[in-house]
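Trainee: Take this sequence and fold it.
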Amino acid sequence: QVQLVESGGGLVQAGGSLRLSCAASGRTFSVYDMGWFRQAPGKEREFVAAISRSGGRIDYADSVKGRFTISRDNAKNTVSLQMNSLKPEDTAVYYCVADRKFGGRSSYDYYYWGQGTQVTVSS
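Mentor: As a prediction, the model looks like this:
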C-alpha cells in the first residue's frame, strides 16, 4: 500500500511555471508506476503524464507534451511534474497516482490517488 501527498500548487500567470511534487509513503515506492491526472471544474479527470517504476518509460498527454516534464527520485520516494509555459486551460486540481502497471491513461488504471493540489493559471 502507498499513500500519496501532493504539494506545489498555486496561482501563476499564463506563461509561468510551477513544479508539483508528490511524496509517497512506504518502502516499496520503486515498484509503483506513477502518474499525474488533473480535473478542471465541470470536467472529467484527464491523464497528464506517467513514468514507469525505473523512470525508463514516460508518457505525456498531447496537450502538455513539450511543456511538462515528469520525473521521479526512488531514493526520496518522490515524483515531480515540472510545468512550463502554463496556459489558463491548465487550471485544474492535479492528482498524483500510482499503480503497478504502466501505460494506462484512464483514471480506472490507477488504484492509489492523492488528495490533489490546485493549480490556477490566470490570463
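Trainee: all contacts plus neighbour counts: C-alpha atoms, from now on.
Mentor: Noted.
Trainee: give me every residue that touches the one residue sitting closest to the centre of the chain.
Mentor: Centre of the chain computed as the mean C-alpha position; nearest residue by CA atoms, centre = their mean is W36, 2.4 Å away. Contact partners of W36, counting by CA atoms under 8 Å, 6 or more residues apart in numbering, are 47-50, 81, 94-97.
Trainee: Which of these ranks first by neighbour count?
Mentor: Neighbour counts for the contacts of W36 were taken using other CA atoms under 10 Å; the highest belongs to C96, with 32 neighbours.
Trainee: residues contacting it?
Mentor: If you count contacts by CA under 8 Å, 6+ apart, C96 has them with 4-6, 22, 34-37, 113-114, 116.
Trainee: Out of those residues, the closest to K87 would be?
Mentor: Here the nearest of these to K87, counting by CA to CA, is F37; it sits at 16.3 Å.
Trainee: hmm, back to that, reformat the contacts of W36 into JSON lines and put distance to S106 next to each item.
Mentor: Rendered in JSON lines, the data for the contacts of W36 read as follows (distance: CA to CA, whole Å):
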{"residue": "F47", "distance to S106": "7"}
{"residue": "V48", "distance to S106": "10"}
{"residue": "A49", "distance to S106": "11"}
{"residue": "A50", "distance to S106": "11"}
{"residue": "L81", "distance to S106": "18"}
{"residue": "Y94", "distance to S106": "15"}
{"residue": "Y95", "distance to S106": "13"}
{"residue": "C96", "distance to S106": "13"}
{"residue": "V97", "distance to S106": "11"}
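Trainee: Quick one: mark the members of those that sit in helices.
Mentor: Under the assignment DSSP state H, those contribute nothing to helices.
Trainee: thinking again about what came up before, so which of the contacts of C96 is surrounded by the most neighbours?
Mentor: Taking other CA under 10 Å as the neighbour criterion, G35 ranks highest of those with 32 neighbours.
Trainee: Thanks again, I'm all set now.
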